[in-house]
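with the sequence up front, the predicted model follows.
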Amino acid sequence: MELGQLSLYDQAILLFAAIVLFTSFVMLAQARIVPLIHTFAWQGTLLAVTTALVAYATNHPHLYISAGMTFLLKALLIPWMLHRLAVRLRIHRDVEAVAYPSLTLLAGGGLVIFSYHVALPIVQLSALITRNTIAVSIAVVLLGMLLMITRKKAISQVIGFMSIENGLFFAAVVSTYGMPMVVELGIAFDVLVAAILFGVFFFQMRASIDSLDVDRLNRLREVDR
Amino acid sequence: MTDWLMALAQTLLFVAMAPLLGGWIKRVKCHMQNRAAPSLWQPYRDLAKLFRKHTVLAANASWIFRATPYIVFGATVLAAAVVPLVAVNLPTAAIADVIVLVGFFALARFFTALAGMDIGTAFGGMGSSREMMIGALAEPVMLMAVFTLAMSASTTNLSEAVTYTLNSGLVLRPSFIFAALGLMMVAVAESGRIPVDNPATHLELTMVHEAMILEYSGRHLALIEWAGQLKLMIYLVLVANVFFPWGIATEMSPDNLAKGLVAIAGKLALLGVLLVTWETVMAKMRLFRVPQFLGFAFLLSLLGMLTRVVLESGL
Amino acid sequence: MTALWLVLLIPLAGIVLMALIGHLRQAGWVNVALAALTLVASLGLALDVFAGGPLLSPGRMLYIDAFNVYLVTLTAFVGLTTAIFSRPYMQHEVETRHISKRRMRLYHSMYQGFMFAMYAALTTNNVGILWVAMEGATLATVLLVSLYRTPEAVEAAWKYFILCGVGIAQALFGTVLLFFAAERVIPVRDDALLWNVLYSSAAQLEPTVLTLSFVFLLVGYGTKVGLVPLHNWLPDAHSEGPTPMSAILSGLLLNVALYALVRVKMLVDGSLHSNLAGYLMMGFGLLSFTVAGLFLHRQRDIKRMFSYSSIEHMGLMTFAFGIGGPLATFGALLHMTVHSLTKSAIFVTVGHAAQIAGTQTIEKIRGLIRTQPAVGWGLLLGTVAIAGFPPFGVFVSEFLVLSATMKSWPWLTVPLLVGLAIAFAGLFRHLHPMVYGDAPEGQLPVRANMLPVMIQLGLVLWLGIAIPVFLSKWFEQATVLISGSSPL
């Protein structure tokens, strides 16, 4: 079937999914802290919009609740917390040195291809209109990991972590129209607690090593020398 | 026969309009930056002035230096002939292939770079090496963007691709959006605009295109400048007609053609404003940042390709 | 049914209660009381299940069968003994390392929080809630690992948080895939993640998706089990956190993560009709077993050394569950029990030893048996037990696993035996000077309650000599549940 034969809402779902993927790449390339947080907030917003679109297009009203929760948590609350922390810790003007930016982006492209490969057997089984976006959701997860690997600042790693959560939520929405509500609430609770704990950690880290560079956390080794 | 005449007329129109587009962009830019704007026709006057002037040649200039302006202009005009401006399905459509287009550009770039080095000045060589670096990075982006398009339209023929987008109506294609963005970034880089190059500066640290043609004067310079304006227009027309082809004439009736003319003029004017806005908010980036810029453009077209495969196939 | 709810509600109430009074001097006793109450409730629950078979709570939120009820009881028991140990230990820490009252409140509250997460993970009927509880366990313990706020502790906690967080994210993806597969065959959406429903329709689940799902779940929960190469967080978290934390992490969290993995494996086996899941678990298990055994030799921190020993034993259990026959499964279940008991006893002793020497560095811990014989003997006996000497229970379970391996994969007995020997050598080369060496001048005994250690080691000894009838019946039921046939 051609893309043009889908309804406009279904097309919009695919489009927004693509933009969610794009925000993941922007985060990979973004070296400054505050714009990084903003991009993360945009990803959350787009995710919420996509979820709401899926809810409307497929007539699954419970997804509206998930969309609202995502918007509150991932687009407003967590970015706001991170931003406030960045200002309070005076790291909001920091620019992170990203090693091999072009190589990272290319690796990201490779990850998308890999996710496509992983998702293929699932996609072939599914009959959902959103099934093609499953690969995108896996890619968002993997790109979040790549972000965590390539960054040294604790706050960027947290954003990578949260972006992984975004990808997982997205996977649940597009492959099964969301998990059962009780599970989704539990996950949202965990994410919220994790976000708060990360905030606590920033202060602990600064108090103990006087920096938020994860590279400086290098005292513990696998074997003692 | 009339079809061939139409094709010829379209090419001539293309060539003739290019300085006007340049003038429009300059004017909008001046307005946006609160400067007194030159007239729309200023580029024509500049070209006329240059054509009247004597050509000064360096003593050690070889035939390459002398032939380059003609080769560059000729290749660019041929490229312009390939791109559908007002109407599709003209007889030139048979050779209206994107890869041909890229080939013409590569030819022009190759000779410009050779000419830059021919005289043996330091600036010429520097400009050539920079230009080749940018070119080497920009070309894959352009091809990737074009292939994304070709995958949907199952052709690399421009005319057919335009017809395809026209027929499928309004479809939200993520791949097209990414490819269009990538193509726009290439257009910016290839036509020597901010943030990759600044057409208005002769500061040795920053210039790229200007450095190569620094030794040109008189009608040689006029031809090269004209070719530059043409190139920018070709890119804008490509973006306008391939991704937003609405309004283009599919039949040869006068009112259709008139409509096509108005449509493309409107689209180009709009794209011009967009380009100026972009140039005004962006700062010229250091040369070492250019690979990153083009890397991002590459990523966009790659994403276009990937979303085409991942999202838009097997529906 | 009341017992079941009590098991969950007591620690839940404990979180709130401890958040209010956790800083008081008596809070340690309250903690013990709460743990004891939970143990009583869990025993009640065990009797219920023992008499009446599997239990499904109204609303199908909770599901108890022979497999998890035994783990609930074990968890409650180790929770109680660790709480008994924690009281004087933390008091000593407060006096010597100046932990503020606020942090003690956090400690006690999160102790109960961790226990609650463990019980929730064990008793829930929902694969998704299992994930939420496992993540909750990380969240509850992560601030405890950094309790001392030294750079090392913060580093360990950060690693623990990030690695386990990312790891467990894989498990969530696996859960989503499982839901995807289940939703296609189970008519009611909200039922599609319930264990009891899943088991009854396991055969219809799509094998390809389930394989993929299992791989993600293995990576995810495997991180928590501490399987190599996902183990990096484990030695750090164990060595830098307060010792009671190490005891319950090693004795309980790893078990519960393995429990999750085995549950999923049961499901995948039902769908795949091949032993793919088993092979994967065998591979990871054997790798962890060998690598951890080698790493044991190179450690200088006593808690790190024993945490590598934990990785080694978790590897062995994963391997045994991977083999999958009734004998191996029985062995693995027994090993789970004896390892939990022994390892938490060891960590308790190690905690006291570290307090005596004032450091965790192995080279500086000397002459324990002279300074404080109870601690020295405890460490010696614990290590003897964990190294698999007869007549301790670890020997029996390892023997069972070895014979099962001999039966189905004769060649793999060789690496197993070699691995056991390496680990044994690694433990004892460090142990001997610590216990028997010359005590440094002025080394003084500390206030220590060695009763729980002796009870636990005594139990391990008992299990080594004769497994009581009710326990063996219990294990048998669980074995039938997991492997499909009885070992006897």
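Sure thing, it's come through.

and for stretch B:121-133, what are the contacting residues?
With CB atoms under 8 Å, 6 or more residues apart in numbering or on different chains as the contact definition, stretch B:121-133 has outside contacts at B:109, B:112-118, B:204, B:207-215, B:287, B:290-291. Yep, even glycine has a C-beta here, placed from its N, CA and C like the rest.

of those residues, which are in range of chain C?
Of the entries in those, not a single one is placed beside chain C under the rule of CB under 8 Å from any CB of the partner chain.

touching stretch A:80-89 from outside, list them.
For stretch A:80-89, with CB under 8 Å, 6+ apart as the criterion, the contacting residues are A:33-34, A:37, A:40, A:92, A:155, A:158-159, A:195-196, A:199, A:202-203, A:206, A:212.

show me the shaky parts of chain A.
Within chain A, the set of residues satisfying pLDDT under 70 comprises A:1, A:222-225.

centroid residue for it?
residue A:163 (1.8 Å; CA atoms, centre = their mean).

name the element that residue belongs to?
For residue A:163, the host element (DSSP states H and E) is helix A:154-176.

quick revisit: which ones are touching the residue nearest to the residue nearest to the centre of chain A when sequence neighbours are not counted?
Sequence neighbours aside, residue A:144 is the residue nearest to residue A:163 in space, at 3.6 Å (criterion: CB to CB, 6 or more residues apart in numbering or on different chains). Counting by CB under 8 Å, 6+ apart, residue A:144 touches A:24, A:160, A:161, A:162, A:163, A:164, A:165, A:166, A:167.

filter those to the buried ones?
Buried subset of the contacts of residue A:144 (neighbour count, 16 or more other CB atoms under 10 Å in any protein chain shown): A:24, A:160, A:161, A:162, A:163, A:164, A:165, A:166, A:167.

from residue B:175, how far off is the first one?
It stands for residue A:24. Taking CB to CB, to the nearest Å as the measure, residue A:24 and residue B:175 are separated by 17 Å.

and what of the fourth one?
Using CB to CB, one gets 28 Å for the distance from residue A:162 to residue B:175.

also the last one?
Distance from residue A:167 to residue B:175, counting by CB to CB: 21 Å.

that older thread, I'd like the next helix or strand past the helix holding residue A:163.
Moving toward the C-terminus from helix A:154-176, the first helix or strand encountered (DSSP H and E) is helix A:181-209.

so which bits of that next one are buried?
Neighbour counts over helix A:181-209 (16+ other CB under 10 Å) mark A:183-188, A:190-195, A:197-199, A:201-202, A:204-206, A:208-209 as buried.

now do stretch A:147-163
By neighbour count, with 16+ other CB under 10 Å as the criterion, the buried positions of stretch A:147-163 are A:147-148, A:150-163.

then stretch B:132-150?
Neighbour-count burial for stretch B:132-150 [16+ other CB under 10 Å]: B:134-135, B:137-139, B:141-150.

what is the nearest of these to chain A?
Minimum distance to chain A across these is 9.7 Å, recorded for residue B:137 (CB to the nearest CB).

just give the nearest non-adjacent residue to that closest one, would you?
Spatial nearest neighbour of residue B:137, chain neighbours left out: residue B:294 (4.0 Å); criterion: CB to CB, 6+ apart.

excluding chain neighbours, what is closest to the closest residue to chain B within chain A?
Using CB to the nearest CB, the single residue of chain A nearest to chain B is residue A:18, 3.2 Å away. Setting aside the residues directly before and after it, residue A:18 is nearest to residue B:174 in space (CB to CB, 6+ apart), at 3.2 Å.

how many residues are close by the one you found?
Residues contacting residue B:174 under the criterion other CB atoms under 10 Å in any protein chain shown number 26.

what does residue C:445 give?
Tallying neighbours of residue C:445 according to other CB under 10 Å, which is how burial is gauged here, yields 14.

what about residue 175, how many residues nearby?
This is for chain A. Residues within reach of residue A:175, counting by other CB under 10 Å, total 27.

the intended chain is chain C.
Here the neighbour count serves as a burial measure; for residue C:175 (other CB under 10 Å) it reads 27.

go on, residue C:150?
Here the neighbour count serves as a burial measure; for residue C:150 (other CB under 10 Å) it reads 14.

give me phi/psi at residue C:124?
phi -70, psi 150 (degrees, to the nearest 10).

likewise for the one 10 residues further on?
Here the main-chain torsion angles of residue C:134 (degrees, to the nearest 10) amount to phi -60, psi -40.

what about the residue in chain A positioned nearest to chain C, distance to residue C:232?
Of all residues in chain A, the one sitting closest to chain C is residue A:183 (3.0 Å; CB to the nearest CB). For residue A:183, the distance to residue C:232 equals 29 Å [CB to CB].

where are the low-confidence patches of chain B?
For chain B, counting by pLDDT under 70, the residues that fall below are B:315.

kindly recompute the last result at 80.
For chain B, the stretches flagged by pLDDT under 80 are B:1-2, B:89-90, B:92-96, B:169-170, B:198-206, B:252, B:314-315.

in it, what residue lies closest to chain C?
Nearest residue of chain B to chain C: residue B:314, at 16.8 Å (CB to the nearest CB).

what residues are up against that residue?
Residues counted as contacts of residue B:314 (CB under 8 Å, 6+ apart) are A:123, A:132.

as a check, name the ranges of all helices in the stretch 101-250 of chain B.
Counting by DSSP state H, counting those that start in this stretch, one finds helices in the stretch 101-250 of chain B at the ranges B:122-153, B:158-168, B:174-190, B:209-212, B:218-238.

next: chain A.
Listed in chain order, the helices of chain A (DSSP state H) span A:8-29, A:33-58, A:62-70, A:78-88, A:101-125, A:133-150, A:154-176, A:181-209.
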